[in-house]
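In: starting from these lines, generate the structure:
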Amino acid sequence: MERKVYDEYVQILKEELIPAMGCTEPIAIAYAAALARKTLGCLPDAAAVKASPNIIKNVKSVVVPNTGGKRGIAAAASAGIVAGDADRELQVLTDVSKEEIVEIDKYMESVKCAVEQSDKPYIFDIQVSVSAKGHEAFAEIAGNHTNVIKISRDDEVLLSKEYSEKADVKHSDRSCLNVKDIVEFADTVSVDDIREVLKRQIEYNKAIAEEGLRNRWGANIGQIILKTQGDKVYDRAKAYAAAGSDARMNGCELPVVINSGSGNQGLTASLPVIIFAEELKASEEQLYRALAVSNLITIHLKTGIGPLSAYCGATSAGCGAAAGVSYLHGGRYYEIAHTVVNGLSINSGMICDGAKSSCAAKIASAIDAGLLGMQMQMNESQFYDGEGIVKKGIENTINNVSQVARDGMRETDKEIIRIMLER
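Out: Sure, this is the predicted structure:
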């Protein structure tokens, strides 16, 4: 493999597979709020948040960790203002104490955080304004969860970055991603180059999945799968990923290693591969190589779609997971390409209507579709060119799905947001 491409793939994994506590959209609001408060230099007596519609959609119904079960934008912002550590970015609320949770309650009672829709055309935009003692501070994040584009105090601009929806805010070059090279990378990568990020993904994501299976969180989708469908490896693969989401969507304070900006996608891309590796008694090296496949294919599928849309990202991660499981079974480019095409054909179109308990069930559905796609391939069955959105060549099919999700479902996204905001 060309060294430049190899280095880009390693960098992509390091950029994407980072820890976050809680659903990443409310955590991004808490991060922006913590930045604004830090810039102000004292506890504000007024606060306001402007957020793009997709942010509002993803924050509306999910529990913010370390807030005593509170949901929504005002709770996320208040937690960031009162107790957030801005230096920890997506782990901004990790070290909140019980005493600080009480202070968050008091703050929300005394300061009503104003919330309104962003005036910017960005799909991902968070603006937090705070004030006290005659001073004001402002922080804005756009494009992705940690891309801070502006910080100011009074009339002094402390940070300002140009931002465009068309510009890639990541440092790595995602255009080099393709299934053939991803498989080659997995085969040839020095495991030491990816060990740290993947070991952390295994430890964090399995821990929250086990918590979701032990205790009652949300709709308990993971527990229900094991109770009603059985304990075979296919069932456990779905149950563990769903259980991780059960816990995460409902306020569990354990961190998750995310993928493509999403904890649910991080859980979906990793846990089925981990469970199958245990079942197959794969070596640690085989597991790391299979996780490289699952994570990079998930990122590849999501890159053309964008960070937030009406297309449920679990679909991409479910196909990525199935690709990783296929790799564990000895599958390489041919087998993995057909697995991904089959999986995309089955489940593409599942909508994203915000972060909430039902995400766990969608994860189970996405993994089921991906694994069915793999089983089809193993039994020499496939979907062919011209059948719906399938086009000859894996990359052509991926491009078709990206076009449907990014462009075709734009009006669907607006309608979903309209319905949610009417409530």
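
In: surely D95 is within a strand?
Out: No - with DSSP: H, G, I helix; E, B strand; the rest coil as the criterion, D95 is coil rather than part of a strand.

In: tell me how many other residues crowd the nearest residue to it once chain neighbours are set aside.
Out: Of all residues beyond its chain neighbours, the one nearest D95 is D85 (6.2 Å), with distances taken as Cβ to Cβ, 6 or more residues apart in numbering. Any C-beta I mention is one placed from the backbone N, CA and C, and that applies to glycine too. By the criterion of other Cβ atoms under 10 Å, D85 has 17 neighbours.

In: and if you look at L90?
Out: 23.

In: that one contacts I29, correct?
Out: No - L90 sits out of contact with I29 when judged by Cβ atoms under 8 Å, with a separation of 11.3 Å.

In: domains of this protein?
Out: Taking automatic domain parsing as the domain assignment, the ranges for the chain are 22-160, 172-422.

In: closest one to M1 among those?
Out: When the domains of the chain are ranked by distance to M1, counting by Cβ to Cβ, first place goes to domain 172-422 at 5.2 Å.

In: okay, H338 and S381: tell me how far apart.
Out: To S381, H338 is 9 Å away according to Cβ to Cβ, to the nearest Å.

In: sorry, wrong one. I was asking about N66.
Out: For N66, the distance to S381 (Cβ to Cβ) stands at 48 Å.

In: what about these two, which has more around it?
Out: Ranked by neighbour count (other Cβ under 10 Å), N66 and S381 place N66 first, with 23 against 11.

In: tell me the helices in the stretch 101-250 of the chain, going along the chain?
Out: For the stretch 101-250 of the chain, the helices identified by DSSP state H, counting those that start in this stretch occupy 179-188, 195-214, 221-229, 233-249, in order along the chain.

In: please work out which of these is packed deepest.
Out: Mean neighbour count (mean count of other Cβ atoms under 10 Å) peaks for helix 233-249 among the helices of the stretch 101-250 of the chain, with a mean of 28.

In: pull the CA atoms of stretch 55-75 into CSV?
Out: Output of stretch 55-75 as CSV, limited to C-alpha atoms (Å, rounded to 0.1, in the frame of the first residue of the first chain):
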residue,chain,number,x,y,z
ILE,A,55,-28.9,19.8,16.5
ILE,A,56,-32.3,20.6,18.0
LYS,A,57,-33.6,17.2,16.6
ASN,A,58,-30.7,15.2,18.2
VAL,A,59,-30.8,16.9,21.6
LYS,A,60,-34.6,17.2,22.2
SER,A,61,-35.2,13.8,23.6
VAL,A,62,-32.0,12.4,24.9
VAL,A,63,-30.8,12.4,28.6
VAL,A,64,-27.8,14.6,29.3
PRO,A,65,-25.4,12.6,31.6
ASN,A,66,-24.6,14.0,35.1
THR,A,67,-27.7,16.2,35.2
GLY,A,68,-30.0,14.0,37.2
GLY,A,69,-31.9,12.7,34.2
LYS,A,70,-32.6,16.1,32.5
ARG,A,71,-33.1,16.3,28.7
GLY,A,72,-32.7,19.0,26.1
ILE,A,73,-30.7,22.0,25.1
ALA,A,74,-31.1,24.1,28.2
ALA,A,75,-30.0,21.2,30.4
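
In: quick one: mean pLDDT for it?
Out: Taken as a whole, stretch 55-75 has a mean pLDDT of 92.

In: could I get the full set of strands for the protein?
Out: 19-21, 46-51, 114-117, 125-132, 135-142, 148-153, 156-160, 255-257 (DSSP state E).

In: can you list the weak-confidence ranges in the chain?
Out: Judged against pLDDT under 70, the low-scoring parts of the chain cover residues 167-170, 423.

In: residue nearest the centroid of it?
Out: By Cα atoms, centre = their mean, the mean C-alpha position of the chain lies nearest to S262, the distance being 0.6 Å.

In: that one and K120, how far apart?
Out: According to Cβ to Cβ, S262 and K120 sit 22 Å apart.

In: got it, and A32?
Out: Distance check for A32 against K120: by Cβ to Cβ, it reads 14 Å.

In: who's more crowded, those two?
Out: With other Cβ under 10 Å as the criterion, A32 and K120 differ in neighbour count, and A32 comes out ahead with 29 against 17.

In: touching, that one and I141? I think so.
Out: Yes - taking contacts as Cβ under 8 Å, A32 lies within contact range of I141: 5.0 Å.

In: quickly list what's touching both of those two.
Out: 126, 148 (Cβ atoms under 8 Å, 6 or more residues apart in numbering).

In: give me the contacts around stretch 161-174.
Out: 8, 11-12, 15, 121-123, 142-144, 147-150, 299-300, 303.

In: out of the residues you listed, which are buried?
Out: Burial by neighbour count, 16 or more other Cβ atoms under 10 Å: within the contacts of stretch 161-174 this picks out 8, 12, 122-123, 142-144, 148-150, 299-300, 303.
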